[in-house]
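Undergrad: kindly generate the corresponding structure for this input.
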Amino acid sequence: MNIAVVGTGYVGLVTGTCFAEMGNQVVCVDIDAKKVEAMQQGRIPIYEPHLDVLFDRNIKQGRLQFTTDLKSAVIPAQVVFLALPTPPGEDGSADLSYVLGVANQLGGIIDSYKVIVNKSTVPVGTAEKVRDAIAKTCKSEFDVVSNPEFLREGYAVDDFMKPDRVVIGTDSERAGTLMKELYAPFVRQGNPIYMMDTRSSELTKYAANAFLATKITFMNEIANLCERTGANVDMVRIGIGSDDRIGKRFLFAGIGYGGSCFPKDVQALAKTSDDYGYEFRVLDSVMKVNATQRTIIFDKIMKLFSNDIRGKRISVWGLAFKPDTDDIREAPALFLIEKLLDAGASVSVFDPEAMPNVEKIFGSRVNYAKDQYECLNGSDGLLIATEWAVFRTPDFELMSKAMNSKVIFDGRNLYEPNKMQQLGFHYESIGRQTVNSN
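TA: Residues are numbered from 1 along each chain as shown. Okay, here's the model as predicted:
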């Protein structure tokens, strides 16, 4: 099948590459000429595990191409995916200017039947807006389908190649048949393709992300209560996670969620609810709790140093919003670094993938270490902000030698408090009791 993918961010690039891997002819479109040129030369613009292998293979075999020319990509395509950014506006609503801007262009390009697929996360009713925008100038038949993505950064390739479900929103039998044919190779093991109306499909995506964000936030609230009662959030997590009505995933306490999806999708769903005259009180609480959760670890730092960290050197391990990605959008680490700098500390950072992106924001205001241990040289305290695997079993002896003070503020609960006490560290985490060095 011939496919065009408009937009080459995380969703667009994974979508295009994975469809090409299944034997389709895919052309990805982006307005950034330098980015397109780099991809044409085989340079992948994002870090996503395993994507580079598929990316290289399909470029070499001629199934994956890149262009800035929308028309040349759309004309031969049977299916056109819109994988464009929908950033939050000042009022929390999703900005549809990119999606509708391309839709307006498509009307003058389409010359034969095509299925236009909203892959971007968009508010309820967007498929109708895209349909209306195209119809203004289009003289050919077309259908607009909603096909939300459920990709986890760090696992996006596996999620796309082996989806636990595919959701397709359409009232067109013709479009539905084509979409089911396109996705058939990905669900050979029997995972379902759910067909529904476009509005339900659009809301499904927001509901899924909002529910997961709520689950994370609830556990963070439990963690905060654990610290006050003397309970251990790890034990509580195990106790409730074994209930199959609740499940084990998304129950780890920490310093709040971030990334490109949860923050903006929760905001957008709350705004949609407000637009329809409904007060979604749970989501309001989720946003408030998440905003304050990231301050908890900073407050712990300030308390230990008697509210004065001027001249202190704080090391930060982990900058991306989650491990196995270089994505720093809404990453708690960025907020914490800014707070540390404002309070007068010097900051040294290390992340396996995200440092180039962070350097674009902080420039020379922080020190960028070549590895996690260099990051600790002369440190008065270590703040762990992202749970990269490389941080889970470090050389504690080497850490002790590098640091001025054996102090760890663990925002991701990577270590066992009892072990840290035995090793002589002052160790503070989330939802567990603080341990002091012997």
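
Undergrad: how much space is there between residue 226 and residue 299?
TA: The gap separating residue 226 from residue 299 is 16 Å, by C-beta to C-beta, to the nearest Å. Using the backbone N, CA and C atoms, a C-beta is placed for each residue, glycine as well.

Undergrad: those two: which is more packed in?
TA: Neighbour totals were compared for residue 226 and residue 299, and residue 226 leads with 21 against 12 (other C-beta atoms under 10 Å).

Undergrad: mind listing what the more buried one touches?
TA: Counting by C-beta atoms under 8 Å, 6 or more residues apart in numbering, residue 226 touches 232-233, 236, 431-432.

Undergrad: now, those that are in helices?
TA: Counting by DSSP state H, the contacts of residue 226 place 233, 236 in helices.

Undergrad: strands of the stretch 101-250 of the chain, residue ranges please.
TA: With DSSP state E, counting those that start in this stretch, the ranges of strands along the stretch 101-250 of the chain come out as 114-118, 142-146, 166-169, 193-196.

Undergrad: dump these to a markdown table, plus mean pLDDT.
TA: Putting the strands of the stretch 101-250 of the chain into a markdown table (pLDDT from 0 to 100) gives the following:
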| stretch | mean pLDDT |
| --- | --- |
| strand 114-118 | 98 |
| strand 142-146 | 98 |
| strand 166-169 | 98 |
| strand 193-196 | 98 |
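
Undergrad: pick the most deeply packed of the ones you listed.
TA: Among these, strand 114-118 has the highest mean neighbour count (mean count of other C-beta atoms under 10 Å), at a mean of 27.

Undergrad: other SSEs contacting it?
TA: strand 79-82, helix 97-107, helix 126-135, strand 142-146, helix 173-183 (3 or more C-beta pairs under 8 Å, 6 or more residues apart in numbering; DSSP states H and E).

Undergrad: phi and psi next, for residue 270.
TA: phi -60, psi -40 (degrees, to the nearest 10).

Undergrad: look at it and say how many residues are nearby.
TA: So residue 270, with other C-beta under 10 Å, has 23 neighbours.

Undergrad: just checking, it touches residue 282?
TA: No: applying C-beta atoms under 8 Å as the test, residue 270 and residue 282 come out as separate, 9.5 Å apart.

Undergrad: for residue 392, see how far away the residue most central in space within the chain is.
TA: Nearest residue to the geometric centre of the chain (C-alpha atoms, centre = their mean): residue 259, 3.9 Å. According to C-beta to C-beta, residue 259 stands 21 Å off from residue 392.

Undergrad: and residue 171, by the same measure?
TA: 49 Å.

Undergrad: now do residue 131
TA: 49 Å.

Undergrad: ok, the residue nearest to residue 105 when sequence neighbours are not counted to residue 375 distance?
TA: Nearest non-adjacent residue to residue 105, counting by C-beta to C-beta, 6 or more residues apart in numbering: residue 70, 6.0 Å away. Counting by C-beta to C-beta, the gap from residue 70 to residue 375 is 44 Å.

Undergrad: again with residue 86
TA: From residue 86 to residue 375 the distance is 35 Å (C-beta to C-beta).

Undergrad: for the longest helix seen in the chain, give the mean pLDDT please.
TA: Taking DSSP H as the criterion, the chain has its longest helix at helix 198-229. Here helix 198-229 scores 96 as its mean pLDDT.

Undergrad: how far does that helix sit from its chain's centre?
TA: Put simply, helix 198-229 sits 15 Å off its chain's centre (C-alpha atoms, centre = their mean, to the nearest Å).

Undergrad: how about the helices in the stretch 251-400 of the chain?
TA: Applying DSSP state H, counting those that start in this stretch to the stretch 251-400 of the chain gives helices spanning 262-275, 281-304, 332-342, 355-362, 396-402.
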